[in-house]
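# Kindly return the folded structure for what I paste below:
(one chain, ligands or ions: 2)
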Amino acid sequence: MDSYIERVAAANALAITPFTRHLKRLSGSTLRFLNAAPSPELVATLARLTDTPESALHELTLSRYEVVPKIHNHHRYAARAASAKGWFSLIRTQACPACVGEGQPWASYWRLPWVTACLKHGCLLITRCPGCRVKLRSTRLQGLRAGGFTPLCGNPRATGRVPQCEDDLGTTALTLAGQPVLVQQQVVLAALRGSTVFCHGEPVTGTEYLRRARSIAVLLFHTVAISTATGLPAWAQQVRAEAQARTKERGPRWGVSAPDCPQSRAAVFLIAHQILTGSVGAGRGSLDAWLDLVPPSNEGTRAWAEDHTTTPDAISYLIG
Ligand SMILES: [Zn+2]
Ligand SMILES: [Zn+2]
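Ligands and ions are numbered 1, 2, ... in the order given. Okay, here's the model as predicted:
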C-alpha cells in the first residue's frame, strides 16, 4: 500500500507529504496500519480518487493473507498483539533490489518473514539499506518515503546535508538464491495465495503449511542460539550473532520477531520444508538431530521444544 500511494502521487506529480495530508483530511482518518489493515475510510477515499475498486486495494494489504491474524484498525494496540501472533512487522519490509531498480511495485508479501527470495530475479531479498544500514522504509509515515516512488532508499537521516538517504537500492549487488530455496519459495507464495500444499504426502491448507514451517523455523532458531556446539553452518552462526545482539533485556523472541538475515531464514525454511515434505519418520529423525544440540535440562527436550516454538501443537507429532 505504501508503494501504491507513492506511485499514485508520482503519476499525479504530487509530493508525498501534501498528498498524504490531503488523503487524511478527505477521509477524516489516519494512516494507521497502512500496510496491514488501513482504515475503511482511507481505503474508500483512495478508491474514489483513483477509480479503483476497494477490493483491489485490500489486495495490497497484509490482511489479504489468511496466515496474518485479523487486525482491527480502530484498536490502537491491535496491531502489536496481532503482530506478536502473526510474525509480521508493521514497520519493516524486505525488498528485491532488482525489482526496485526496475521500478516494480513493492510487494506486500515482502513484509512476511516466510518470504526470503525473489522468484523473478532468483536472488535473496534485502532487509536493510546497504548505504545507511537501517531497515528499509523506516519512515515515520507508515513506510511512505518523503522522496516518493524512486529506487532511492529514502530513509530519514538524523544528520547530514540531505534529509533522506540517497543510496540507490537498485544498484545493490544481488545475492543469488540456490535452486532448492527458489523451489521452497514457490511453495510459500502458492501457500500464501491459498493453494494446498502436500506435507508428508497429505494435502494441507497453505496456511497450515506456513504455520508448521514457522513452528519448525522458530524452534531451530532457538536451538542454534542456545547450543554451544561448534562447527554449525554459517546461517546458525549468523543467528547466534543476532541472538547476542538482541539479548539485552531478555532472550530473543524469534516467534515474535524473526531473524533479520534473509540467508538464515532461507536456510532454515529449506530445512523445515524438507522435514515437512519427506516422510514423518525422516522428519522426526532430522528434527531430533537438531534438538540433540540443545544442552540437557531438567524439563527434558520435548518440553523445552514446546516452550521454544510457536503453535507447538502443529509440530508435536515431529518431536521425540
Ligand atoms: Zn526481483
Ligand atoms: Zn539508506
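# Count residues in the vicinity of residue 59, would you?
By other C-beta atoms under 10 Å, 12 other residues sit near residue 59. The way it works is simple: take the backbone N, C-alpha and C, and place the C-beta from them, glycine included.
# I should have written residue 1 there, sorry.
When neighbours are defined as other C-beta under 10 Å, residue 1 has 26 of them.
# Quick check: it vs residue 168, distance?
According to C-beta to C-beta, to the nearest Å, residue 1 and residue 168 sit 23 Å apart.
# before we move on, what about residue 262?
Distance, residue 262 to residue 168, using C-beta to C-beta: 20 Å.
# Repeat that for residue 33.
For residue 33, the distance to residue 168 - C-beta to C-beta - is 29 Å.
# so residue 143 makes contact with residue 135?
No: Residue 143 lies out of contact with residue 135 (C-beta atoms under 8 Å); the separation is 10.5 Å.
# tally of neighbours for residue 216?
Residue 216 - counted by other C-beta under 10 Å - has 28 other residues nearby.
# and the nearest residue to it once chain neighbours are set aside, what does it touch?
Excluding its sequence neighbours, the residue lying closest to residue 216 (C-beta to C-beta, 6 or more residues apart in numbering) is residue 272, at 3.9 Å. Applying C-beta atoms under 8 Å, 6 or more residues apart in numbering, one finds that residue 272 lies in contact with 212-213, 216-217, 220.
# low-scoring pLDDT stretches of the stretch 151-300 of the chain, where are they?
Within the stretch 151-300 of the chain, the stretches with pLDDT under 70 are 160-161, 247-250.
# which neighbours do residue 143 and residue 135 share?
residue 91.
# Neighbour count: these two, which is higher?
With neighbours defined as other C-beta under 10 Å, residue 143 and residue 135 compare such that residue 143 has more, 24 against 17.
# gap between the lengthiest helix in the chain and the chain center?
When the chain is parsed with DSSP state H, its longest helix is helix 206-226. Distance of helix 206-226 from the chain centroid (C-alpha atoms, centre = their mean, to the nearest Å) equals 14 Å.
# Check the offset of stretch 136-145 from the chain's centre.
Its chain's C-alpha centre and that of stretch 136-145 lie 16 Å apart, by C-alpha atoms, centre = their mean.
# How about it and ligand 2, any contact?
No: judged by C-beta under 5 Å from the ion, stretch 136-145 and ligand 2 are separated, with a smallest distance of 8.0 Å.
# can you give me the end-to-end distance of that stretch?
Its first and final residues considered, stretch 136-145 spans 10 Å by C-alpha to C-alpha, to the nearest Å.
# so what's the closest residue to residue 172 other than its chain neighbours up against?
Closest residue to residue 172 apart from its sequence neighbours, by C-beta to C-beta, 6+ apart: residue 97 at 3.7 Å. Neighbouring residues of residue 97 by C-beta under 8 Å, 6+ apart: 123, 126, 169-172, 174.
# switch to 7 Å and redo it
126, 169-170, 172, 174 (C-beta atoms under 7 Å, 6 or more residues apart in numbering).
# top of the residues you listed by neighbour count?
residue 169 leads these on contacts (other C-beta under 10 Å) with 23 neighbours.
# pLDDT wise, what is the closest residue to that residue other than its chain neighbours at?
Closest residue to residue 169 apart from its sequence neighbours, by C-beta to C-beta, 6+ apart: residue 100 at 4.7 Å. The score at residue 100 is 98. That number is its pLDDT.
# 783 is where my numbering starts, stick with that
Right, with 783 as the first residue, what we last looked at is residue 882.
# Compare residue 815 and residue 950 and say which is more crowded by neighbours.
Legend: neighbour count by other C-beta under 10 Å for residue 815 and residue 950, higher for residue 815 (26 against 16).
# residue contacts, the more buried one?
So residue 815 contacts 853, 855, 861, 872 (C-beta under 7 Å, 6+ apart).
# Looks to me like it is in a helix.
No: per DSSP: H, G, I helix; E, B strand; the rest coil, residue 815 lies outside any helix segment and is coil.
# among the contacts of residue 815, which two are most distant?
Pairwise distances among these were taken by C-beta to C-beta; the largest, 11.8 Å, belongs to 855 and 872.
# how close does residue 976 sit to residue 847?
9 Å.
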